[in-house]
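> Test case, fold it:
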Amino acid sequence: MIRQTISILVLSAGAAWSQDAGADKAALQDRIGEIKQSIAQNQADLRQYSWTETTEIALKGEDKKRSQADCKYGPDGKVQKTPIGSAPPPAKKGRVKTKIVAKKVGEMKEYMDRVGSLIRRYVPPDPQDIQASFQAGKATLDPAAGQLLFTDYAKPGDKVTLTFDPATRKLRSFVVATYLDDRKDVVTLNASFNGLPDGTNYVETTVLDATAKQIQVTTTNSEYRKAGG
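Predicted coordinates for the structure are as follows:
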């Protein structure tokens, strides 16, 4: 009798766990479906707009460069950027010092080009990549925080955290923690979203940190206007 009772309890617990796991997976799939739909809709809506992008680059905590560009989507679906204003002429230096500076600038540009290529694997969030991560069992849902956490999203050991408002069905933030070739060469990106008057969601601010080189790039998108407006 005791063995029979224990068996029943074990089976009941197993069935309950299975039901809970199934419910969690269904809730996760529903949330991912909402996010995919939201991303696709906003990408379509943003094609109606042009906007101003302001980029600020800091090295070791010191501001080094600020630039602006007019942005809009081209026929190929990619963002086209037109610089606003012109960069000031470089200060005159001795020949040797000029070569050293040019070398450092070249190395930094190459490094940031690599960082840019890495980040493009994450941004903008791709609905297909999100679905693939879910199907691979790499996604978890925190309903209380409204967050989805993805691990091994684009590289082993990376993390992507999406914060989604189910009431408005809009993304609120997108956080990436990844690295270049070496895991010590950490690269993080924190993007925050805002809404336009017609309800279109957009990335308002992104902060990119390349900690190994102590480089921080802050990008702000503003002054959205509809084409022909």
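> need the helices for this protein, in chain order.
2-46, 95-119, 127-135 (DSSP state H).
> if I read this right, T205 contacts S173, doesn't it?
No. Shown here, T205 and S173 do not form a contact pair, counting by Cβ atoms under 8 Å, at 10.0 Å. C-beta here means a position set from N, CA and C on the backbone, and glycine is covered the same way.
> Overlap in contacts, these two.
A191, S192 (Cβ atoms under 8 Å, 6 or more residues apart in numbering).
> weakest of the helices of the chain in terms of mean pLDDT?
Of all those, the minimum mean pLDDT falls on helix 2-46 (a mean of 70).
> S222 - how many residues pack around it?
13 (other Cβ atoms under 10 Å).
> how close does the nearest residue to it once chain neighbours are set aside sit to N221?
What sits nearest to S222 in space, not counting adjacent residues and going by Cβ to Cβ, 6 or more residues apart in numbering, is T52, at 5.4 Å. As defined by Cβ to Cβ, to the nearest Å, T52 lies at a distance of 7 Å from N221.
> any common contacting residues for those two?
Counting by Cβ under 8 Å, 6+ apart, the residues touching both T52 and N221 are C71.
> So for the two, which residue has more residues nearby?
In this view T52 and N221 are compared by other Cβ under 10 Å, and N221 has more residues nearby, 18 against 15.
> partners of that one in the sheet?
E53 (DSSP bridges).
> Was I right to think it contacts T55?
No. At 10.1 Å, N221 does not count as touching T55 under the criterion of Cβ under 8 Å.
> residues contacting the residue nearest to S222?
Q68, A69, D70, C71, I84, N221, S222, E223.
> is it possible to export those to a markdown table including pLDDT?
As requested, those are exported to a markdown table (pLDDT from 0 to 100):
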| residue | pLDDT |
| --- | --- |
| Q68 | 95 |
| A69 | 95 |
| D70 | 96 |
| C71 | 95 |
| I84 | 93 |
| N221 | 96 |
| S222 | 96 |
| E223 | 96 |
